[in-house]
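Colleague: Coordinates for the following, if possible.
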Amino acid sequence: MSNPSRRGALKLTAGLALLGASALTGCGRGTQTAAAKTSATPVGNGPATGILNVWAAQGDADVLNKVIKPFEAANPKLSVKFTLIPNAEYYTKLQSAIAAGKGPDVAQFFPESQAQFLDPSILRAVPDGLVDPDSFFKSLWDAGVTGGVAYTVPWYAYTYALVYRSDLAKKAGVEAPTTWDGMVPFLKALQKAGAGHGLGADIGWDVFNGQDVAMYAWQAGGSLLSGGKWTLDTPAMVDALKYNASFFTSGTADTSGPTFLDAQPYFVSGRTATMITGPWVIGQLDTAAKKDGWTASHVATAPLPAGSSSGVSFSAGGSWGVLADSGNADAAWKFVRYLAEPSTQIAQYKAYSSLPAVVSAWGDRAIKGQPLLGAFLTQLKNTRAFPQVTTWQQVATRLGKETEAVAKGTQSAAKAAANVQAYAESLGTGAK
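Modeller: Presented below is the predicted three-dimensional model:
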């Protein structure tokens, strides 16, 4: 599945959010007119020509040169030039290039952390009729929309679900929990069946923990931003922080491990028995176990347990945007349109296991025949986009740090919620 090393790029993004809000917006790029923000010229069906410069992060884009061969064959007078950049450096280099007016025609983005780029001085509005917005998972499309204008087109998708040791669950005589109240008892049952800890929790105490707790706040009926104002010091956020902490205070998760890179070895060895994670792990567990077929006989998946309001998760993945000063926008949009076609996204899945952002593509037998992916499809249909404001990554990072104090018992959930609210208000939303 999607390369988990991308976490490094997102950690970097949190520290660059303010740079994105200030340096990029007024960087001297050609600004679109007000009319162009709401209505772009439709893209025709003629052949694409010229040179097209495409930038992407290493990982899912590594196979693009193979995936687009039919597109190149249909457009013989077009030369596509790829620049693949290491994940941890990608946004930094892209921001620098944009600020210098030397960006590519097309760039890859990550829906969960692209808000600082959603501006007409940086990206062109998606042309009318280029794609059908309703063909994508709604939250992924929404992640590219601000001020009623769409700036990016979804490419691949992922979200979080439960991945657990089915053999230990069978031994314990338990099924995956469907509510928060059932989570700790389920984890304790797995421990009685032989697991060291029921849950291999994320202990990075960073932007990812912040995203997790934000997701739990949604599940408890809360919001993160309402009417342009942060809504983080709420009963729902307090409940979310307490729920996250319950894994540690109950002894079903450990504040000292596993680290992110240890998560799969711990899971395979039985030191942990459950992960709240993305679909990329499914294709990697046989390797971690050093045994073909281990996953099929030891692993099951399920949608996330629901809080008092819902079992909603967050949407993430990859998307594409065309830069405002692209010298070949016509070819750029034709390239993006091709990557948004169901058949192309299926080809991308077959080449790299990138799960489609187009809902209909999940009906292809290559994906539908993978039983462990079913929970992720169910969950993707119940997702939300994180706030499309430039300071969200910083707020999520602070929330992750506050989460650590609550999990370790050095701070109350109410105090943590108040702290992150005050911090968020001090940053604002980056709105101009």
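Colleague: Kindly list the single helix or strand of this protein that scores lowest on mean pLDDT.
Modeller: Within the chain, no helix or strand scores below helix 34-38, which has a mean of 34 by mean pLDDT, DSSP states H and E.
Colleague: Now the element after it, going C-ward?
Modeller: Next helix or strand after helix 34-38 toward the C-terminus (DSSP states H and E): strand 50-57.
Colleague: buried ones in whatever helix or strand comes next after that following strand?
Modeller: Next along the chain after strand 50-57, taking DSSP H and E as the criterion, comes helix 64-67. By neighbour count on 16 or more other Cβ atoms under 10 Å, the buried set for helix 64-67 is 64, 67. (Each C-beta comes from the backbone N, C-alpha and C, glycine too.)
Colleague: And the very next helix or strand once past helix 64-67, what does it pack against?
Modeller: The helix or strand immediately downstream of helix 64-67 is helix 69-74, counting by DSSP H and E. Packed against helix 69-74 by the contact rule (3 or more Cβ pairs under 8 Å, 6 or more residues apart in numbering; DSSP states H and E) you find strand 78-85.
Colleague: who does the strand it packs on touch, helix- and strand-wise?
Modeller: Looks like strand 78-85 contacts strand 50-57, helix 69-74 (3+ Cβ pairs under 8 Å, 6+ apart).
Colleague: export the last one as CSV, just CAs?
Modeller: Same thing as helix 69-74. Extracted in CSV, the C-alpha atoms of helix 69-74 (Å, rounded to 0.1, in the frame of the first residue of the first chain):
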residue,chain,number,x,y,z
LYS,A,69,2.3,4.8,-21.1
PRO,A,70,-1.2,4.6,-22.7
PHE,A,71,-1.6,8.4,-22.2
GLU,A,72,1.8,9.0,-23.9
ALA,A,73,0.9,6.7,-26.7
ALA,A,74,-2.3,8.7,-27.3
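Colleague: Now that helix: buried residues?
Modeller: Neighbour counts over helix 69-74 (16+ other Cβ under 10 Å) mark Phe71 as buried.
Colleague: Show the average pLDDT along it.
Modeller: In this model, helix 69-74 carries a mean pLDDT of 98.
Colleague: coming back round to it: Gln264 is nearest to which of the helices and strands packed on strand 78-85?
Modeller: Distance to Gln264, taken as Cβ to Cβ, is lowest for strand 50-57 among the helices and strands packed on strand 78-85, at 21.6 Å.
Colleague: list the contacts for Ala405?
Modeller: Taking Cβ atoms under 8 Å, 6 or more residues apart in numbering, we find Ala405 in contact with 411, 416.
Colleague: Just give me how far the helix or strand containing it sits from the chain centre.
Modeller: Using DSSP H and E, Ala405 sits within helix 392-407. On the basis of Cα atoms, centre = their mean, to the nearest Å, helix 392-407 sits 17 Å off its chain's mean C-alpha point.
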